[in-house]
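[1] 3D, please:
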Amino acid sequence: MGGRQATVRTARARIPAAPAGRKIVIPPGGCTGWHYHRVRLDAVVLAGTLTRVLHDRTVVVHRAGTAFVEPAGIRHIHLGHNLGSEPVVLHVTPALPPGTPFSLPTPAPHGVTPAVCREHAGEPVPPG
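    Below you'll find the predicted structure:
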């Protein structure tokens, strides 16, 4: 019998890893303050419930296990609240070089109450 013999290769086990990024924790009652990002961010809610207020006053709720995108640029001002009783834990990509601001504080968008967060009025998201 002529021909080629098949070679069977076994796949090596791979351990899934989260993409490089930052862990953000917002304590119960905490708020990020109004801000925006220089680059697009992909976020996954690992724990808790995050309530975001967007530049157009839209309110979006993200529960643990859900993902969302924060577009880049000043036209996408937003803030995040933790209205729950447990910390909100986010995994956010991309990772930025050390010393690079994660977010840029900004005044509230036109028509939105500036002091939506009692403890913040536009402070950046704390690094995770």
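
[2] rest of the way, CA atoms for contacts and neighbours
    Noted.

[3] the closest residue to Val60 other than its chain neighbours and Asp42: what is the separation?
    With sequence-adjacent residues excluded and distances taken as C-alpha to C-alpha, 6 or more residues apart in numbering, Val60 is closest to Arg52, at 5.2 Å. As judged by C-alpha to C-alpha, to the nearest Å, Arg52 and Asp42 stand 14 Å apart.

[4] what do you get for Thr106?
    Relative to Asp42, Thr106 is positioned 20 Å away (C-alpha to C-alpha).

[5] what's the answer for Ser85, then?
    For Ser85 relative to Asp42 (C-alpha to C-alpha), the value is 24 Å.

[6] which of these two has more residues huddled nearby?
    Asp42 (16 against 11; other C-alpha atoms under 10 Å).

[7] next one: that one from Gly29, what distance?
    Using C-alpha to C-alpha, we find Asp42 at a distance of 23 Å from Gly29.

[8] pretty sure Val88 is touching Thr49, no?
    Yes: with contacts counted by C-alpha atoms under 8 Å, Val88 reaches Thr49, the gap being 6.0 Å.

[9] give me the common contacts of those two.
    Taking C-alpha atoms under 8 Å, 6 or more residues apart in numbering as the criterion, Val88 and Thr49 both touch Asn82.

[10] quick one: low-confidence ranges for the protein?
    Along the chain, the parts satisfying pLDDT under 70 run over 1-19, 95-98, 113-128.

[11] now the helices for it?
    In the chain, no helices are defined using DSSP state H.

[12] strands of that one, residue ranges please.
    Taking DSSP state E, the strands of the chain run over residues 22-26, 35-36, 41-47, 49-54, 59-63, 67-70, 78-81, 88-93, 104-105.

[13] okay, these in JSON lines with distance to Gly111 next?
    Below are the strands of the chain laid out as JSON lines (distance: least, C-alpha to C-alpha, whole Å):
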{"stretch": "strand 22-26", "distance to Gly111": "26"}
{"stretch": "strand 35-36", "distance to Gly111": "16"}
{"stretch": "strand 41-47", "distance to Gly111": "25"}
{"stretch": "strand 49-54", "distance to Gly111": "12"}
{"stretch": "strand 59-63", "distance to Gly111": "15"}
{"stretch": "strand 67-70", "distance to Gly111": "21"}
{"stretch": "strand 78-81", "distance to Gly111": "13"}
{"stretch": "strand 88-93", "distance to Gly111": "27"}
{"stretch": "strand 104-105", "distance to Gly111": "17"}
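
[14] understood, closing this out.
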